[in-house]
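# Got a sequence here, can you build the structure:
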Amino acid sequence: MRFLVLVLFLLNISYAGSFTLMSDIGGQLSKKQEFNGFGCSGENMSPALSWKDAPKGTKSFAITIYDPDAPTGSGWWHWVVYNIPSTASSVSNNASAKGMLPKGSVESMTSFGMASFGGACPPKGDKAHRYIITLFALNVDKLDLGKNPSPELVGFNLNAHAIQKSSIISYYGRE
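Numbers count the residues shown, from 1 in each chain. The predicted structure follows:
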């Protein structure tokens with residue numbers, strides 16, 4: 001019994017201070033995060049996100065929201081934001097539409113062909129899609145990717161400069 005208590009105590013210590021992403025949406029998107037277009041009629045509001053315990057050496061952050069279940073053969077990028085200052089620890093609800101991202105942040109092109117948040121819009125009757133919200137802690141102050149880089153180019157650079165990542169998976173389906 002003592003051994004089990006010791007193991008649980010040590011596991012708790014090892015996870016203390018781990019890079020953590022939190023959101024107001026939890027595991028299920030709602031009509032608030034549904035796209036308004038392509039046959040969907042949601043509010044298209046980007047989620048509130050916050051984070052803590054960034055790893056040592058973090059110089060900037062980036063956020064992506066990606067749907068690997070989109071029927072495209074290559075998934076669907078719903079939000080791509082980079083050059084978020086290392087002093088930031090959150091983005092507010094609907095920050096994309098309100099222009100309230102931390103100063104210096106860049107919203108990049110999404111699969112919708114726009115440089116802003118595009119909400120969930122899975123085909124009616126399809127299984128619930130996974131929306132992977134990922135926060136990247138990066139080892140560079142800024143990514144200089146030119147005007148309107150593709151989400152894939154941004155993703156390549158994010159992975160090349162990632163110190164650590166933290167993700168939340170949320171689901172959404174339409175009947």
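# Might you report the residue contacts of the residue sitting nearest the centre point of the chain?
For the chain, residue 133 is the residue whose C-alpha lies nearest the centre (C-alpha atoms, centre = their mean; 3.1 Å). For residue 133, the contact set (C-beta atoms under 8 Å, 6 or more residues apart in numbering) comprises 21, 23, 47, 49, 63-65, 167-170. Heads up, the C-betas are built off the backbone N, CA and C, glycines and all.
# and it, what are its bridge partners?
residue 65, residue 168 (DSSP bridges).
# Distance of it relative to residue 73?
As for residue 133, its distance to residue 73 is 22 Å (criterion: C-beta to C-beta, to the nearest Å).
# can you give me the strands in the protein?
Taking DSSP state E, the strands of the chain run over residues 20-23, 36-37, 40-41, 49-52, 60-67, 76-85, 90-91, 106-107, 129-138, 162-172.
# Compile those into a markdown table and extend it with columns for distance to residue 30 and mean pLDDT.
What follows is the strands of the chain, written out as a markdown table (distance: least, C-beta to C-beta, whole Å; pLDDT from 0 to 100):
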| stretch | distance to residue 30 | mean pLDDT |
| --- | --- | --- |
| strand 20-23 | 12 | 97 |
| strand 36-37 | 14 | 94 |
| strand 40-41 | 12 | 96 |
| strand 49-52 | 15 | 98 |
| strand 60-67 | 14 | 98 |
| strand 76-85 | 15 | 98 |
| strand 90-91 | 18 | 97 |
| strand 106-107 | 22 | 97 |
| strand 129-138 | 12 | 98 |
| strand 162-172 | 8 | 97 |
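# Residue 99 is nearest to which of these?
Minimum separation from residue 99 across those (C-beta to C-beta) falls at strand 106-107, 9.5 Å.
# For the closest one, name the packing helices and strands.
strand 76-85 (3 or more C-beta pairs under 8 Å, 6 or more residues apart in numbering; DSSP states H and E).
# Can you name every helix or strand that the strand it packs on contacts?
Using 3+ C-beta pairs under 8 Å, 6+ apart: strand 76-85 touches strand 60-67, strand 106-107, helix 151-161.
# looking at these, which is buried most?
Mean neighbours per residue, mean count of other C-beta atoms under 10 Å, is largest over the helices and strands packed on strand 76-85 for strand 60-67, with a mean of 24.
# ok, back up a step: identify whichever of the helices and strands packed on strand 76-85 lies nearest to residue 137.
Closest among the helices and strands packed on strand 76-85, using C-beta to C-beta: strand 60-67, at 6.2 Å.
# before we move on, the earlier item: right, and the helices and strands packed on strand 76-85 - which one's nearest residue 126?
Smallest distance to residue 126 across the helices and strands packed on strand 76-85 (C-beta to C-beta): 10.9 Å, for strand 60-67.
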